[in-house]
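[1] Provide a 3D model corresponding to the input given below.
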Amino acid sequence: MSTSRSPTRIWPLAWPIILSNITVPLLGLVDTAVVGHLPDSRYMAAVTLGAMLFSFLYWGFGFLRMGTTGLTSQAMGREDDSDIRNLLGQALLLALGIGAILILLAEPLISFGLYLLDGSEAAMSLAASYAHIRILSAPAVMANYAILGWFLGQQNSRVTLAIMVLTNSVNIVLDLVFVVGLGMTSDGVAWATVIADYTALAVGLWLVARQLKLLKGRFLRQRLLRLAAYSELFQVNRHLFVRTLGLLFAMAFFTAQGASQGDTILAANAVLMQFIMITSYALDGFAHAAEALTGRAVGRRDWPLFGASVRAAARFSLITAGVAMAAFFFGGDHLIALLTDLPDVRSTAGEYLPWMIVMPAIAVWSYLLDGVFIGATATREMRDTILLALAVYLPAWWFTQPLGNHGLWLAFTAFTLVRSASLAAVYLHYRRTRWTSAAMPACDQGIQDQG
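    I've put the predicted structure just below:
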């Protein structure tokens, strides 16, 4: 592939991801809207707390998606079908093992997680019931991460679209059936998600079986059953694990501090977080495309293609961020009204809406550069920058506590700004020293040395 084709390659890869990603915040919007129209805000608070707990428990293992994408895309660049096949086998075995452990440790994990989130007594009781249902989907969620990462690494984003649209459609329909039709409140939201996760796994495995017929090579016993054969996967993923836990801690801390200010603030922040989710899933479409393209460029050691892919993804990302800012500025109040008809929650969310308007301009670089660093498997740098951002976030929250919820949003905005700025600084440094044809040996060393 020539570098001149890279900009046009971003969009064919990105649009199915964007469409599939949009179904995720759409699901969040439906979850919020369904419980937001129940007669008591504690149901929304319970779903918010439970969903945050599982964002931490499940997406803490999101390295199964990200690491698999980076390594698979580099194997694509090397045109190594056997490696592509065995990376899937390793990722699935690891995923199922993690899922089984999460179910076995469900009781202490749920109890400790909800204790840290510290909501009201009524909301916590409902959240615990929600969580004990959601944990049943752990093996399916972990395996789905591996499957989606594997297909994305092969630049097959249409499969991601097919799986995500089907799964989230099932989830949305079951939300309405269980909550609106059967009156199951927050438990109905949980059961809808569990059934949808296993639907995704069934469809994903069917698509995997079709794709494997197109690949040369075979599964190798020594690659799948020997712990030493997992060293590359572990090496890349251990830093991603810390990075993801740091990011989820920032989100969980935000939710917990909102909850400590009462159920109305918690519910209002949950509504506004849907704005961030909408933006993030749109921007992630270009970030995921960058993962696949930059990873393949690294596999080929084609640094001009690497740079052209990043520039193309950046252009699309900036346009998307600008559109999101305009949409929130002109239509934010209407979107809040769609999500809840509780007067106190509406008015409170409207008070903090300006934070949502500026957020896309700050966050856009962190989404884009996450994709670039995943494709290059530069995971240690991702870990270090998230730790730096947390080192700013927590003191910022401490000093802004007198500002109440505005102070909490200010601290979270500072966290996002530091994360974007530090990733950008590392990227610019590596483009001069590692990710360039003039320094190919150094770059190769940098890719190998992730320990």
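[2] From here on, just use CA atoms for contacts and neighbour counts.
    OK.
[3] could you pull out the strands for the stretch 301-450 of the chain?
    In the stretch 301-450 of the chain, no strands are defined using DSSP state E, counting those that start in this stretch.
[4] which residues of it score low on pLDDT?
    438-450 (pLDDT under 70).
[5] Tell me which stretches of it form helices.
    Using DSSP state H, counting those that start in this stretch, the helices found in the stretch 301-450 of the chain span residues 303-339, 343-351, 353-375, 379-400, 405-433, 440-448.
[6] how big is the angle separating the fifth one from helix 353-375?
    Comparing the axes of helix 405-433 and helix 353-375 via axes from the mean of the first three to the mean of the last three CA atoms, to 10 degrees yields an angle of 30 degrees.
[7] If you count neighbours, what's buried in helix 405-433?
    405, 407-424, 427, 431, 433 (16 or more other CA atoms under 10 Å).
[8] can you check stretch 256-263 too?
    256-259, 263.
[9] Output those as CSV; include the columns distance to residue 209.
    As requested, those are exported to CSV (distance: CA to CA, whole Å):
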residue, distance to residue 209
256, 42
257, 45
258, 45
259, 45
263, 47
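[10] Dump the helices of the stretch 301-450 of the chain to TSV, plus distance to residue 272.
    Shown next, in TSV, are those (distance: least, CA to CA, whole Å):
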stretch	distance to residue 272
helix 303-339	8
helix 343-351	7
helix 353-375	7
helix 379-400	19
helix 405-433	11
helix 440-448	38
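[11] Please identify the deepest-packed of those.
    helix 353-375 (a mean of 23; mean count of other CA atoms under 10 Å).
[12] helices or strands up against that one?
    helix 63-78, helix 263-300, helix 303-339, helix 379-400, helix 405-433 (3 or more CA pairs under 8 Å, 6 or more residues apart in numbering; DSSP states H and E).
[13] and it with helix 379-400, angle?
    160 degrees.
[14] Show me where the stretch 1-150 of the chain has its helices.
    Counting by DSSP H, counting those that start in this stretch, the helices of the stretch 1-150 of the chain are 6-36, 41-59, 63-78, 81-104, 106-117, 121-134, 138-153.
[15] wait, doesn't residue 220 sit right on residue 85?
    No: between residue 220 and residue 85 there is no contact under CA atoms under 8 Å: 9.2 Å.
[16] Which one's more surrounded, the two?
    residue 85 (21 against 13; other CA atoms under 10 Å).
[17] ok, how many other residues are close to the closest residue to the more buried one other than its chain neighbours?
    Nearest-residue entry for residue 85: residue 219, 6.6 Å, with adjacent residues in sequence omitted and distances by CA to CA, 6 or more residues apart in numbering. Neighbours of residue 219 under the rule other CA under 10 Å: 16.
[18] helix, strand or coil for residue 219?
    What DSSP: H, G, I helix; E, B strand; the rest coil gives for residue 219 is coil.
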